[in-house]
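**Student:** What follows is a predicted protein model with its sequence.
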Amino acid sequence: MSYVAAIDQGTTSTRCIVFDRQGTIVALAQKEHKQIYPQPGWVEHDPEEIWKNTLEVIALARIKAKLHANDIQAIGITNQRETTVVWNRKTGKPYYNALVWQDTRTGELVNSFSATGGQDRFRAQTGLPLATYFSGLKLRWLLDNVAGLRADAERGDALFGTMDTFVTWNLTGGPQGGLHITDVTNASRTQLMNLRTLDWDDDLLRDFNIPRAMLPTIRSSSEVFGMVASEVMPGVPVAGILGDQHAALVGQTCFEPGQAKNTYGTGCFLLLNTGTELRESTCGLLTTVAYKFGNEPVNYALEGSVAITGALVQWLRDNLGMIKNSGDVETLAKTVDDNGGAYFVPAFSGLYAPYWKANARGVVAGLTRFVNKGHIARAVLEATAYQTYDVVRAMEQDAGIELSSLRVDGGMTLNNLLMQFQADILDVPVVRPTITETTALGAAYAAGLAVGYWKNTDDLCRNWGVSKTYQPNLDEPTRARLLRGWSKAVERSFDWED
């Protein structure tokens, strides 16, 4: 028997998952890392802790499945996107903590760049509005604020990467010849890559004042990049790299234009495959690279990104102590029949698609003496479904396609109350696949395709199966009333920050 492994370097944890040819999980190991909040709006990770955890979970997964390195045909990497790290080429030491995609410290840079040319001044090249979300301005902040970094960057001693680049560099040798690469999907989230040329854009680098010498080489999502040098999996080809949401699109086998998936994790990310056609959004969505397999043409996607979904449940657990475990939120929410008129807009780091309001902040609206903690728990879950509704409607307008069903994945899809409410509020069936770990599976698929473990995408489509379909079951007047309440609550969150 032979297998394919995937490293899933996420926002809250790092995992290694080993899959067989049917896409079934053979072994899984996971380790959380610390969330660092130096001040309001700042979110950081320790890159060295993440690398240590990566080695640990690879070793643990191998031990659990009793596997030798030669049992693994290839390894794929998927990662939290936009999170930005810079490190020294000679020592491997980071210059600063990684700036996480949720971090909002670049707000002033967003405003100064938007002042000349507007929020969409780089959208034609990158498909992205100016926002604190993307890596380019995070890198600019590091270059401006970390002593000695700019000089090292211009000399070629300082390397930039998203987390896929940092993990790949360390996995393939680090200071002893590690590969400094990224794939087109991660590069498309930096706001430094041109969507048409699939290369770093010199005009953008000049505008952002970023030295080209520190940027990784952009490769496809599926090819043999190099071999693992670490003893945890020596000699195994690193053959797939995809940003986490693109990996989930591949894991859900959405290879046809018009197919869409929504991933419910720390945030929520809905991607619609638009094929080889680059679609510009007029409704607040992002145009992004979906994937590129080897020498095949690139596929594009429209994306709606929601910053806070699963993270809101964690907040309820960690900051308010209303639940002990994340899974308890469903039990608490089930103690009531509805939200009691309460709405929770989790704009902790502003609102992403389709609003793009960096100065929005979280609000709880519609409170009365009647509302109890069950209603708050329910409002927390419903916030995810409402935010998804907003993105779906924008996507339908942009693509000119009405969604007939929604494929879902990620940890929150095991919450039946949420999935049923999602179907109710969208008024379309919500389909959960047999394998919900689609992010890691997509990275495994990309790696396996590159080494011939799977012959083609038809092989992958045969692995996809339905675990449960949630049918909509809500009358139209109730749906309209709930959506009116949500719309009013969202407006209350706007312009909170001066």
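**Tutor:** In hand now; what should we look at?
**Student:** for residue 31, helix, strand, or coil?
**Tutor:** Following DSSP: H, G, I helix; E, B strand; the rest coil, we place residue 31 in the strand state.
**Student:** Quick check, it in contact with residue 14.
**Tutor:** Yes: at 5.8 Å, residue 31 counts as touching residue 14 under the criterion of CB atoms under 8 Å. Every residue, glycine included, has its C-beta placed from N, CA and C.
**Student:** The two: which has the busier surroundings?
**Tutor:** residue 14 (27 against 16; other CB atoms under 10 Å).
**Student:** I'd say that one and residue 60 touch.
**Tutor:** No: if you go by CB under 8 Å, residue 14 and residue 60 don't touch, sitting 10.9 Å apart.
**Student:** And stretch 227-244, what's buried?
**Tutor:** 227-230, 232-233, 236-244 (16 or more other CB atoms under 10 Å).
**Student:** I'd like to know how many residues surround residue 206.
**Tutor:** 10.
**Student:** what about the longest helix in this structure?
**Tutor:** Using DSSP state H to define each element, the chain has its longest helix at helix 373-399.
**Student:** Name the nearest residue to residue 141, sequence neighbours excluded.
**Tutor:** residue 106 (5.3 Å; CB to CB, 6 or more residues apart in numbering).
**Student:** and what of residue 405?
**Tutor:** residue 429 is the one closest to residue 405 (CB to CB, 6+ apart), at 4.5 Å.
**Student:** surely that neighbour meets residue 469?
**Tutor:** Yes: counting by CB under 8 Å, residue 429 touches residue 469, with 5.2 Å between them.
**Student:** Need the overlap of contacts for the two.
**Tutor:** Jointly contacting residue 429 and residue 469 under the rule CB atoms under 8 Å, 6 or more residues apart in numbering are residue 405.
**Student:** in the stretch 351-498 of the chain, which spans are strands?
**Tutor:** In the stretch 351-498 of the chain, the strands defined using DSSP state E, counting those that start in this stretch lie at 363-365, 406-409, 430-433, 466-470.
**Student:** Look up phi and psi at residue 346.
**Tutor:** phi -90, psi 60 (degrees, to the nearest 10).
**Student:** what residues are up against it?
**Tutor:** Residues counted as contacts of residue 346 (CB under 8 Å, 6+ apart) are 307, 308, 309, 311, 312, 315, 362, 380, 383.
**Student:** Residue 178 in helix, strand or coil?
**Tutor:** Under three-state DSSP, residue 178 comes out as coil.
**Student:** List the contacts of the residue nearest to it when sequence neighbours are not counted.
**Tutor:** Nearest residue to residue 178, sequence neighbours excluded (CB to CB, 6+ apart): residue 169, at 3.9 Å. Residue 169 makes contacts with 87, 92, 159, 161, 178, 179, 180, as judged by CB under 8 Å, 6+ apart.
**Student:** Between the residues you listed, which sits nearest residue 439?
**Tutor:** Nearest to residue 439 among the contacts of residue 169: residue 161, at 19.1 Å, using CB to CB.
**Student:** does that closest one really touch residue 183, like I thought?
**Tutor:** No: Residue 161 sits out of contact with residue 183 when judged by CB under 8 Å, with a separation of 11.3 Å.
**Student:** So between those two, which is more surrounded?
**Tutor:** residue 183 (31 against 28).
**Student:** How about that one: which residues does it bridge to?
**Tutor:** In this entry, residue 183 is beta-bridged to residue 219, by DSSP bridges.
**Student:** Tell me if I'm right that it and residue 217 touch.
**Tutor:** No: applying CB under 8 Å as the test, residue 183 and residue 217 come out as separate, 10.1 Å apart.
**Student:** Can you tell me how far residue 400 is from residue 427?
**Tutor:** 19 Å (CB to CB, to the nearest Å).
**Student:** got it, and residue 9?
**Tutor:** 36 Å.
**Student:** more crowded one of those two?
**Tutor:** residue 9 (27 against 13).
**Student:** Now do the residue lying closest to the more buried one once chain neighbours are set aside: how many residues are near it, please.
**Tutor:** The spatially closest residue to residue 9, leaving aside those adjacent along the chain, is residue 79, at 4.4 Å (CB to CB, 6+ apart). Other residues near residue 79 come to 32 when the count uses other CB under 10 Å.
**Student:** Isn't residue 256 up against residue 274?
**Tutor:** No: the criterion here is CB under 8 Å, and residue 256 misses it with residue 274 at 10.5 Å.
**Student:** Could you check which of those two is surrounded by more residues?
**Tutor:** Set residue 256 next to residue 274 and count neighbours by other CB under 10 Å: residue 274 wins out with 20 against 10.
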